[in-house]
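Asks: below are the sequence and a predicted model for it; my questions follow.
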Amino acid sequence: MPVDISYGQLVVITGVDVNNNVIEASQHAVAYATANGMLLKEPITGLSAETFSFSDDVDISDNLTVGGNIDISGQLSVGDEQGTTAITLKGHIIPSANAQYDLGNAEYKIRHLFLSDNSIWLGDDHKIDVSGGKMKFKKRNKTQVPMAIIEAGGDEGGALSHAGVGSLSEMTLSKWRKYAKTLNIGGGVGKAEVENIFRKDKNEDWEADDDILAKIEALEARIAALETP
């Protein structure tokens, strides 16, 4: 039966170090701990606990594998000042609340962003992407149903009913995504994502498709022509 185990300082080396008692282990982590108020004087292996409570620092010098969730109420620091440590992601970064958290701040900025040529959404309507090797500034067409929805058998009435709104102008990206997941989009029912709904090569889905760079180049050419004697 699982028990509640409370530790002091925990340092993982080859095993576990509790209260400065170094314990070597080659196969399993072992620990001195207090279980349900009783002092465990001998090292134990294969710990099964509902709650682990750490009252001091936790230092890990090797790999740590966690099968469940980790909730941290304080500050999490990763790496050193030399930047030799990286965080490797195997999933998405999704905040717990909409438009509440920042990436960097006025004092401490992110140095470089290396992005693919997919898209950057600014708010709910505007998108920047790369099409045909050129940067495009687009605005989502809010007067009609996206082509991907129509091709999958969806329609305006179904979308509005599913979202509980009265007009297409009230359909946000989130509402379109939720409705699209009821259709066979993105490889199957339940798999649709925004990029499967508002596709860069479907002009019907966009109210504006302004090639800003081309306009700047054209303007520069006209200025150069006027300056030529």
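Replies: Received it, and whenever you're ready, just let me know what you need.
Asks: mind checking the longest helix of this structure?
Replies: Among the segments of the chain that qualify as a helix by DSSP state H, the longest is helix 212-227.
Asks: which positions within that one qualify as buried?
Replies: When burial is assessed from 16 or more other C-beta atoms under 10 Å, helix 212-227 yields no buried residues. Bear in mind the C-beta positions are built from the backbone N, C-alpha and C, glycine included.
Asks: elements contacting it?
Replies: Applying 3 or more C-beta pairs under 8 Å, 6 or more residues apart in numbering; DSSP states H and E, one finds that helix 212-227 contacts strand 134-140.
Asks: direction included, what does the strand it packs on pair up with?
Replies: strand 126-131 (antiparallel), strand 206-210 (antiparallel) (DSSP bridges).
Asks: what sits up against the next helix or strand along the chain from that strand?
Replies: For strand 134-140, the succeeding helix or strand toward the C-terminus, using DSSP states H and E, is helix 147-151. For helix 147-151, the external contacting residues (C-beta atoms under 8 Å, 6 or more residues apart in numbering) are 155, 159, 176, 179-180, 183, 185, 192, 196-199, 202, 204-205.
Asks: need the contact partners of the very next helix or strand once past helix 147-151.
Replies: Tracing the chain past helix 147-151, the next element assigned as helix or strand by DSSP H and E is helix 156-163. Outside helix 156-163, the residues within contact range by C-beta under 8 Å, 6+ apart are Val145, Ile149, Gly166, Ser167, Leu168, Glu170, Met171, Lys175, Trp176, Lys178, Tyr179, Thr182.
Asks: save these as a markdown table, and put in neighbour count too.
Replies: Output for those, formatted as a markdown table (neighbours: other C-beta atoms under 10 Å):
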| residue | neighbour count |
| --- | --- |
| Val145 | 22 |
| Ile149 | 22 |
| Gly166 | 8 |
| Ser167 | 10 |
| Leu168 | 17 |
| Glu170 | 12 |
| Met171 | 21 |
| Lys175 | 17 |
| Trp176 | 24 |
| Lys178 | 14 |
| Tyr179 | 23 |
| Thr182 | 15 |
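Asks: so which of those is the closest to Lys134?
Replies: Trp176 (25.9 Å; C-beta to C-beta).
Asks: SS state for that closest one?
Replies: helix (DSSP: H, G, I helix; E, B strand; the rest coil).
Asks: distance of it relative to Asp71?
Replies: For Trp176, the distance to Asp71 (C-beta to C-beta, to the nearest Å) stands at 32 Å.
Asks: and the strands in this structure, which stretches?
Replies: Under the criterion DSSP state E, the chain contains strands at 3-7, 10-12, 16-18, 21-22, 30-35, 38-45, 49-54, 58-60, 119-122, 126-131, 134-140, 206-210.
Asks: still on that earlier bit, could you identify which of the strands paired with strand 134-140 is most buried?
Replies: Each of the strands paired with strand 134-140 was assessed for mean neighbour count using mean count of other C-beta atoms under 10 Å. The highest is strand 126-131, with a mean of 16.
Asks: how near is Glu107 to Asp155?
Replies: 50 Å.
Asks: swap that for Gly133, sorry
Replies: Applying C-beta to C-beta to Gly133 and Asp155 gives a distance of 35 Å.
Asks: correct me if wrong: Trp121 contacts Ser174.
Replies: No: in this structure, Trp121 is not within contact of Ser174 by C-beta atoms under 8 Å, at 11.5 Å.
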